[in-house]
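1. Here is a sequence together with a model predicted from it:
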Amino acid sequence: MSQFDVQRIRHDFPILKEKIRGKDLVYLDNAATCQKPQVVIDSIVNLYTHDYANVHRGVHTLSVRSTDKFEGARIKVKDFINAATEKEIIFVKGATEAINLVAQTYGKANIKAGDEIIITAMEHHSNIVPWQMLCEQMGAVLKIAPINMSGELIFDEFEKLINNKTRLISVVHMSNALGTINPIKRIIDAAHQSAIPVLLDGAQAIPHMTVDVQDLDCDFYVFSGHKLYAPTGVGVLYGKQALLEAMPPYQGGGDMIRKVTFEETEYNVLPYKFEAGTPNIAGVVGLGAAIDYLNKIGMDHIAVYEAELLSYATERAKRIGGLRIIGEAEQKGAILSFVLDKIHPHDIGTMLDSLGIAIRAGHHCAMPVMDFYKVPATARASFAMYNTKEEIDVLMNGIQSLIEVFG
């Protein structure tokens, strides 16, 4: 596509034609999961209709076709994030499994009692709990870098946490609860000055911006397919080859082995060492199709358009009396979290659903963020490339009518 055409893009997503309670669907829950374009749906149907068999195991035609599609998707991912080699692309269930994999392999091999791991106060539970579990197992200490009321990392305080006990830093690229885009390159530069590896949770960032892991120089990058217009149950762990080579396997079983006897097992080469068992073949093929689709549109075009949507939504929201935006970082992605005076977020979500508007209401798997802002939950509208300013108008009018109903 030579230029961004939102109506053409909307036509590619069949679910956007749905009616909800007699109203046109306004889908604004993209931070939870994105809808799927027809080309991704077709790629899965086509695999199961014409090419499906197990991968890596067979010499027959269907197995070869299936393997070619599966491994072709790995190369697409490598190119999409500019990894140095496809050996650095590990297929997993999602960002959560990727973080757990690193915690239980790299973490157990390199972190001992008294060592420290740094995260931030804006993390999703999936980038908190695996490190808490590792710290409990190893006797290590989890340190939390604070944020300010705008939802930004207080960088000076983050730097003060780095010391000779720090063994790993794991931070979100873009916050799912606040939309904050962290100063990733500054974080990585500060960490690498002390030879500390950095893991980036890119689950929210990857659909909204160009990610170049070699330019960032991060040591690990994780993301889920379902937020990148691909199926659920598939995700990616990127790791620098030298780190992955040195890490022990995460799970044992088929395909992650070279040779097995009852006395010992010889593990497979990268990336297969970390891919035990039959993988989510259709999910991986769907991820490859989603990447092809995004490449045709252009991630830079998507970023510019979504920035316009966020700016428009923020401006409209600030005109509504009694509405408080939660998270106003200067560098921010397409997320608008808010609370209304005297109206619980769950009531906001339920009432808007009656108008065909899908938002998220709750703690967004970021309870410490809610505690920081002293709110039980927020309502969150999150935007994708197929959303429009007209849909934002429907949302804001819905909020206004909700305020009138509740008095």
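-> Happy to help now that I have it.
2. Endpoints of stretch 24-43, how far apart?
-> Taking CA to CA, to the nearest Å, stretch 24-43 runs 27 Å from one end to the other.
3. and that stretch, which residues are buried?
-> For stretch 24-43, the neighbour count (16 or more other CB atoms under 10 Å) marks 25-32, 34-37, 40-41, 43 as buried. (Each C-beta comes from the backbone N, C-alpha and C, glycine too.)
4. Relative to His173, which of the residues you listed is nearest.
-> Of all these, His173 sits closest to Ala31, with 13.1 Å by CB to CB.
5. what's the nearest residue to that closest one if we skip its chain neighbours?
-> Ser382 (3.5 Å; CB to CB, 6 or more residues apart in numbering).
6. Could I get the contacting residues of that neighbour?
-> Contact partners of Ser382, counting by CB atoms under 8 Å, 6 or more residues apart in numbering, are Leu28, Asp29, Asn30, Ala31, Ala32, Ala334, Ile335, Leu336, Ile359, Arg360.
7. now for the buried residues of stretch 24-43, which pair is the farthest apart?
-> Counting by CB to CB, the most remote pair of the buried residues of stretch 24-43 is Val26 and Ser43, 26.9 Å apart.
8. ok, and what's touching stretch 10-30?
-> Residues contacting stretch 10-30 (CB under 8 Å, 6+ apart): 35-39, 41, 207, 227, 293, 334, 353-360, 380-384, 386-388, 391, 394-395.
9. which of these count as buried?
-> So, by 16+ other CB under 10 Å, the buried ones in the contacts of stretch 10-30 are 35-37, 41, 207, 227, 293, 334, 353, 355-360, 380-384, 386-388, 391, 394-395.
10. give me the element Val171 is part of.
-> Using DSSP states H and E, Val171 sits within strand 166-172.
11. How about the spatially most central residue of the chain: what's its closest non-neighbour residue?
-> Per CA atoms, centre = their mean, the C-alpha nearest to the average position across the chain is that of Ala203, at 0.9 Å. Leaving aside its sequence neighbours, Ala203 sits nearest to Ala95 (CB to CB, 6+ apart; 4.1 Å).
12. per-residue confidence at that neighbour?
-> Ala95 is assigned 98 on the pLDDT scale.
13. hang on, isn't it packed against His125?
-> No - Ala95 is beyond contact range of His125, at 11.4 Å (criterion: CB atoms under 8 Å).
14. higher neighbour count, those two?
-> Neighbour totals were compared for Ala95 and His125, and Ala95 leads with 27 against 15 (other CB atoms under 10 Å).
15. And the helix ranked longest in the chain, what's buried?
-> Taking DSSP state H as the criterion, the chain has its longest helix at helix 61-81. Neighbour-count burial for helix 61-81 flags 63, 65-67, 69-71, 73-74, 76-78, 80-81 (criterion: 16+ other CB under 10 Å).
16. So which elements touch it?
-> In this structure, helix 61-81 packs against strand 89-92, strand 235-239, helix 281-297, with contacts taken as 3 or more CB pairs under 8 Å, 6 or more residues apart in numbering; DSSP states H and E.
17. If I take it and strand 235-239, what angle do their directions form?
-> Angle, helix 61-81 to strand 235-239, by axes from the mean of the first three to the mean of the last three CA atoms, to 10 degrees: 60 degrees.
18. So for helix 61-81, mean pLDDT?
-> 97.
19. show me what contacts the spatially closest residue to His192 that is not a sequence neighbour?
-> Excluding the flanking residues, the one nearest His192 by CB to CB, 6+ apart is Asp217, at 6.9 Å. Shown in contact with Asp217 (CB under 8 Å, 6+ apart): Lys185, Ile188, His192.
20. so what's the residue lying farthest from the centre of the chain scoring on pLDDT?
-> Centroid-distance maximum for the chain: Glu263 at 40.4 Å, with CA atoms, centre = their mean. Per-residue pLDDT puts Glu263 at 86.
21. do Ala289 as well
-> On pLDDT, Ala289 comes in at 98.
22. returning to that earlier point: separate out the buried members of the contacts of Asp217.
-> Buried members of the contacts of Asp217, counted by 16+ other CB under 10 Å: Ile188.
23. Turn the contacts of Asp217 into a markdown table, including distance to His11, pLDDT and secondary structure.
-> Output for the contacts of Asp217, formatted as a markdown table (distance: CB to CB, whole Å; pLDDT from 0 to 100; DSSP: H, G, I helix; E, B strand; the rest coil):
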| residue | distance to His11 | pLDDT | secondary structure |
| --- | --- | --- | --- |
| Lys185 | 37 | 98 | helix |
| Ile188 | 39 | 98 | helix |
| His192 | 45 | 98 | helix |
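24. which one of the contacts of Asp217 sits closest to Pro279?
-> Ile188 (29.8 Å).
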